[in-house]
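Trainee: no sequence on this one, just coordinates:
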């Protein structure tokens, strides 16, 4: 297959999955928006975690909230737990990599806060441990996954929100995750600032 055909196929696959996902994911994305607006309206904060590409998505989401998405507004409290290299390496060295997010959730999270946990397959041990820690501390959880949801199906509770992309390929799941994150940012802005 020539490079142009491969490139076009990537775009077509992305567009098809976005279309297929819209009906299935609109409701949980709307639930995530409502949950996070309530968290922010109560002067609470949003913690976000993930590994690899999901770590980049966590940072992206936190940056959109603390800075801005598309419109000027007051700063919103959000923190990506994968950015503090001293905390990550100290916790990883002393307690194991599985605890790098959970320890931070226990140290920084308070009842009424929210955790957005991102794992393309729903099986990252450190993200699962962070969800458990969030539940211990009274945080609501939004899980972003794919590949059928993996262990997220077991650990997410009835008050949590699960945004599970209906696909098996990591690249496609991550592309829809960032679209979902942008929908959430837009929804938060619309709730706080009105339609724009």
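Mentor: The structure has been received and is ready for your questions. The structure displayed is predicted, hence computed values, not measured ones.
Trainee: Would you tell me what the next helix or strand after the strand or helix carrying residue 132 is?
Mentor: Assessed by DSSP states H and E, residue 132 sits inside helix 125-137. Of the helices and strands lying after helix 125-137 in sequence (DSSP H and E), the nearest is strand 140-145.
Trainee: Give me the contact list for that next one.
Mentor: Residues from elsewhere that reach strand 140-145 (C-beta atoms under 8 Å, 6 or more residues apart in numbering): 32, 35-36, 39, 50, 54, 57, 113-122, 131, 134-135, 149, 152, 156-157, 159-165, 173, 177, 180-181. All C-beta atoms are positioned from the backbone trio N, CA, C, and that covers glycine.
Trainee: shouldn't residue 73 be in contact with residue 191?
Mentor: No - at 10.8 Å, residue 73 does not count as touching residue 191 under the criterion of C-beta atoms under 8 Å.
Trainee: which non-adjacent residue is nearest residue 55?
Mentor: Closest residue to residue 55 apart from its sequence neighbours, by C-beta to C-beta, 6 or more residues apart in numbering: residue 82 at 4.1 Å.
Trainee: so how many other residues sit close to that neighbour?
Mentor: 23 (other C-beta atoms under 10 Å).
Trainee: Residue 174 is in contact with residue 55, isn't it?
Mentor: No - the pair residue 174 and residue 55 does not pass the contact test of C-beta under 8 Å, sitting 11.1 Å apart.
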